[in-house]
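1. Fold the following.
(2 chains)
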Amino acid sequence: MDFRKSMTNIGTIFQKELRSYFNSAVAYVVIVVFLAIVGWFHANALFLANTASLRLMFELVPIVFLFIVPAITMRLLSEEKKSGTIELLTTKPLIDVEIVLGKFLAAWALIGVTLLLTLVYYFTIAALGDIDNGPVVGGYFGLLLMAGVYVAIGVLASSLTDNQVIAFIVGFVFVFLFFMLDKVLLYVPEGLTSIIEFLSVDYHFSNIARGVVDSRDVLYFLSLLGFTLYLSVLSLERRKW
Amino acid sequence: MAITVRNLTKYYGQERAIDNISFDVKTGEIVGFLGPNGAGKTTTMKIITCYMPPSAGTVEVDGYNIADHSLEVRRKIGYLPELNPLYLDMNVVEYLEYAARLHGIDKATLKRQLASMIEVCGLKEVRHKDIGELSKGYKQRVGLAQAMIHDPEVLILDEPTSGLDPNQIVEIRNLIRQLGRAKTVVLSTHILSEVQATCDRVVIVNEGAIVADGTPGQLQQEFRGSELIVIELKAQVANPMVDIFPKLQALSNIESVEYGGGENGAHRFSLFAAKGSDIREEVFRQAVQERWVLLELTRKATSLEEVFHKLTKV
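-> A predicted model of the protein is given here:
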């Protein structure tokens, strides 16, 4: 595999997908909805709790991700399958990994842009009071990693079907599952709790969001992300079976 | 840039789509892949373009095997899939640039190729329009431009004229012939006149197997049945079935005669003669001898259409 060529190919697909988000209304709807929801709760917290922190935002965003991320990713591969353009794409001199990575990075970048815009809230708070920067940096870093995992799950869901609605629902269910894992620990047999907790996205996110970036947590996100993308590549190769 | 297909077989589950197909396409040839729907044309093309692997058999494009050198093969091929899928939300230039960049074309070549494709395919007026807004004929041109943007040596076109109106069909055909001059082209179709109009060679497939392979002329020759001569003659006779019919039947090489009706003393007959024989002269002499007035004497050639029907009917 020629690394430089691969980067070029991934870049080409990345650009095309990102442009397609911004050419259609998708990107703007996502950004506006995201900022509106987060802004509303953020403002409430700011004035009611009277504290200078983004803690509430970091609790809220993972919930918004549950809906927003599958909505962003649902069309990535399923639309190509439906319209037949997947045949164009896969008969170009590309390898399937490049297709999956390009699309994954484009959706991840859109989330990244959206998160970047929430910095407005950070600056308003920073202007008003003393803010502890550690948890803020950790929080954003954690959100980005979490989004990465969610986007990867969404890409996988999109690769399974040519129907966008099914892709959305499957994506949502799996993302929701990883989100809920550490919230059902009470109902889990005792021997399993630590395993279930370790698998939970929120558990690792809250570790990082405290401002302590542990390599184990980062490794958790990256390996889950990598594994899911690997499954997506396998799923895309199903046409060859 | 030859294509070699050897013993290609493809199963979809239990169903066999193509069965032990072998053929060659020589460099610079335009080959028509002809067959009824579901004959295995599209499956074969999907295998050649590396969209999916065969169940058995091999394909080589310019000596590169599709299984071991998939990327090299795909680099050499320009492909227009069935139904011409396109990104409807991109505009023409964006789309062609995207296709070119996926082929790894450098910037200078891209610019030159883009301009030349827009020129050749007549896309100038619509180049900044979204593809979704274009008419079917323009969409087809965009599909062709996409397939040729990297100046491939091999073109694989799956039903390039399907769904177009007669004028557009002529346009696209001319385009293919013009562009195909320097390339190896395989195009599939179920329209016979298309093959006659564009192709050097025809491969007829039916139910997953090749049933004929040759130039349109060769096939007409090879699959010709009996010679058919249609005559119309004028004669003052009481009953043509008694007075004319037996005399025609008595001619040498005649296999059968059919009476096609008549009015005002003119009668039509169809004469079927042995393959390869020419009975026109004899028919003429007979008419002179009997003092029939010969109004019409026509030899009907076997059309490719008849060959096709003969080979592909169930």
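2. which residue sits closest to residue 152, ignoring its sequence neighbours?
-> You didn't pick a chain, so chain A it is. On the basis of Cβ to Cβ, 6 or more residues apart in numbering or on different chains, the spatially nearest residue to A:A152 that is not a chain neighbour turns out to be A:T228, at 3.9 Å. The way it works is simple: take the backbone N, C-alpha and C, and place the C-beta from them, glycine included.
3. that answer is for a different chain, and I need it for chain B
-> Setting aside the residues directly before and after it, B:P152 is nearest to B:G78 in space (Cβ to Cβ, 6+ apart), at 3.7 Å.
4. where in the chain is pLDDT low?
-> Unless you meant another one, I'm taking chain A. Along chain A, the parts satisfying pLDDT under 70 run over A:1, A:52, A:241.
5. was after chain B, sorry
-> B:224-226, B:301-304, B:313-314.
6. now the residue nearest to B:P152, which residues is it bridged with?
-> Beta-bridge partners of B:G78, counted by DSSP bridges, are B:L155.
7. my guess is it meets B:G143, correct?
-> No. With contact taken as Cβ atoms under 8 Å, B:G78 and B:G143 are classed as non-touching, separated by 10.3 Å.
8. can you tell me the residue of chain A closest to chain B?
-> Scanning chain A for proximity to chain B using Cβ to the nearest Cβ identifies A:G84 as nearest, at 3.3 Å.
9. is it true that A:L105 touches A:M7?
-> No. Counting by Cβ under 8 Å, A:L105 sits too far from A:M7 to count as a contact (11.1 Å).
10. relative to its centroid, which residue of chain B is most remote?
-> The outermost residue of chain B, judged against the average C-alpha position, is B:A238 (49.0 Å), by Cα atoms, centre = their mean.
11. check which helix or strand covers that one.
-> Following DSSP states H and E, one finds B:A238 outside all helices and strands.
12. Determine the number of other residues adjacent to the residue nearest to A:A152.
-> Taking other Cβ atoms under 10 Å in any protein chain shown as the neighbour definition, A:T228 ends up with a count of 21.
13. contacting residues around it?
-> With Cβ atoms under 8 Å, 6 or more residues apart in numbering or on different chains as the criterion, the residues that contact A:T228 are A:V149, A:A152, A:I153, A:V155, A:L156.
14. Does the residue of chain B found nearest chain A belong to a helix, a strand or coil?
-> Across chain B, no residue is closer to chain A than B:P85, which sits at 3.3 Å (Cβ to the nearest Cβ). Under the three-state scheme (DSSP: H, G, I helix; E, B strand; the rest coil), the conformation of B:P85 reads as coil.
15. count of neighbours near the closest residue to it other than its chain neighbours?
-> The spatial neighbour of B:P85 that comes closest, neighbours along the chain excluded (Cβ to Cβ, 6+ apart), is A:G84 at 3.3 Å. Neighbouring residues of A:G84 were enumerated by other Cβ under 10 Å; the total is 15.
16. cool, B:G163 as well?
-> Residues contacting B:G163 under the criterion other Cβ under 10 Å number 13.
17. Quick check: phi and psi on it?
-> When read as degrees, to the nearest 10, the backbone of B:G163 gives phi 80, psi 10.
18. give the contact list for the closest residue in space to it that isn't next to it in sequence.
-> Counting by Cβ to Cβ, 6+ apart, B:K136 is the residue found nearest to B:G163 once chain neighbours are left out, at 5.8 Å. B:K136 makes contact with B:G163, B:L164, B:Q168, according to Cβ under 8 Å, 6+ apart.
19. Now B:K136: phi and psi?
-> Dihedral angles for B:K136 - degrees, to the nearest 10 - are phi -60, psi -40.
20. And it, how far from B:V195?
-> 22 Å (Cβ to Cβ, to the nearest Å).
21. ok, now A:V212?
-> With the distance defined as Cβ to Cβ, A:V212 ends up 72 Å from B:V195.
22. Who has more neighbours out of those two?
-> Neighbours of A:V212 and B:V195, each counted by other Cβ under 10 Å, are more numerous for B:V195; the result is 26 against 11.
23. so that one touches B:R201, yeah?
-> No. The pair formed by B:V195 and B:R201 falls short of the contact definition of Cβ under 8 Å, at 9.1 Å.
24. what's the overlap in contacts for the two?
-> Residues touching both B:V195 and B:R201 comprise B:G32, with contact defined as Cβ under 8 Å, 6+ apart.
25. and the stretch 101-250 of chain B, which of its residues are near chain A?
-> Contact residues of the stretch 101-250 of chain B with respect to chain A, defined by Cβ under 8 Å from any Cβ of the partner chain, are listed as B:R101, B:L102, B:H103, B:G104, B:Q146.
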